[in-house]
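>>> Here is the input, now give the coordinates:
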Amino acid sequence: VGVELYQHLLEEAVAAARAGETEDSKPAADEWSPQINTGAPVLIPDTYVKDLGIRLSLYRRLGGLHDAGEIEAFAAELIDRFGPLPPEVENLLDVVGIKAMCRLANVDKVDAGPKGAVVSLRNNTFPNPIGLVDYIAKQAGTLKLRPDQKLVFVRPWETPTARVKGLQAVLRQMAAIAQKAS
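All right, here's what the predicted structure looks like:
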C-alpha cells in the first residue's frame, strides 16, 4: 500500500519545486506510513476495477483515510460502484485500518505470521511507556520485549484472516494505551 505515500511525496516534491522551496526551507514531514505484513494479498485487482487510472485514484484516496468510519464509507462506495468486495480488497481495507492504529501507537512496522507478530516502534519510542510496561506485564508469556526494543506477540494466527483480526485487537489495545499518555 506504499503507492499512496509515494504519490503524496511526489505531489509535495513537485509543489515544492514549483514554489522554489528547498529541503532546508520546509518543515520536517509529520506523515509516515507504517509497514504491515500479514501474508495476505492486499490490492485492488484489475478484475475488480479494470481502469488503471481509477484504481490509482482509489489507492490515493485510501492513503487519506484515517478512521474506521472513513474506511467503512469507502468500502460502501466500492460495493456500490463495483460490486461485492473481493478478499484482496477486504484485506487492503483491513490493513488501512491497522495502519491508522499503528500511527496512534507510534508503531513503525508489523510482521505477522502463523505464530504471532513482531512489532517495531517508530524511533523506539512509545507515547505512554509506563502503560506499555504494564501491558507487557499483564501479557506475560504471550508478549515479550526483545533487547532490540521490538515487541513479540506469541499468538496462534495460522491464517491471514486470523492475523488481521489478531493485529486489529492488539493494535487497538496499544493505541488505547498510547492515548492515555499524560
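>>> Which stretches in this protein count as strands?
All strands of the chain, identified by DSSP state E, fall at 35-37, 107-113, 116-121, 143-145, 150-154.
>>> can you tell which of those strands is closest to Arg163?
The closest approach between Arg163 and any of the strands of the chain, judged by C-beta to C-beta, belongs to strand 107-113 at 4.2 Å. Bear in mind the C-beta positions are built from the backbone N, C-alpha and C, glycine included.
>>> Give the buried residues for that closest one.
Of the residues in strand 107-113, those scored as buried under the neighbour-count criterion (16 or more other C-beta atoms under 10 Å) are Val107, Asp108, Val110, Ala112.
>>> Which strands and helices lie in contact with that strand?
With contacts taken as 3 or more C-beta pairs under 8 Å, 6 or more residues apart in numbering; DSSP states H and E, strand 107-113 sits against strand 35-37, helix 87-105, strand 116-121, helix 160-179.
>>> Report the angle between it and helix 160-179.
When axes from the mean of the first three to the mean of the last three C-alpha atoms, to 10 degrees is applied, the directions of strand 107-113 and helix 160-179 differ by 150 degrees.
>>> what mean pLDDT does strand 107-113 have?
Summarised as a single mean, pLDDT over strand 107-113 is 96.
>>> ok, residues contacting it?
Under the criterion C-beta atoms under 8 Å, 6 or more residues apart in numbering, residues 32, 34-39, 98, 101-102, 117-123, 157, 163, 166-167, 171, 174 lie in contact with strand 107-113.
>>> Which of those residues are buried? Put it as a ChimeraX command.
This is the ChimeraX syntax for the buried subset of these, where burial follows 16+ other C-beta under 10 Å:
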select :34,36,38,98,101,102,117,118,119,120,121,157,163,166,167,171,174
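>>> before we move on, back to that, please convert the strands of the chain to TSV, extending it with distance to Arg18.
Output for the strands of the chain, formatted as TSV (distance: least, C-beta to C-beta, whole Å):
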stretch	distance to Arg18
strand 35-37	30
strand 107-113	31
strand 116-121	36
strand 143-145	46
strand 150-154	41
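>>> Nearest to Val89, out of those?
Closest approach to Val89 among the strands of the chain is made by strand 35-37 (15.4 Å; C-beta to C-beta).
>>> Strand partners (parallel or antiparallel) of the closest one?
The sheet places strand 35-37 alongside strand 107-113 (parallel), with pairing taken from DSSP bridges.
>>> Thank you kindly, that will do.
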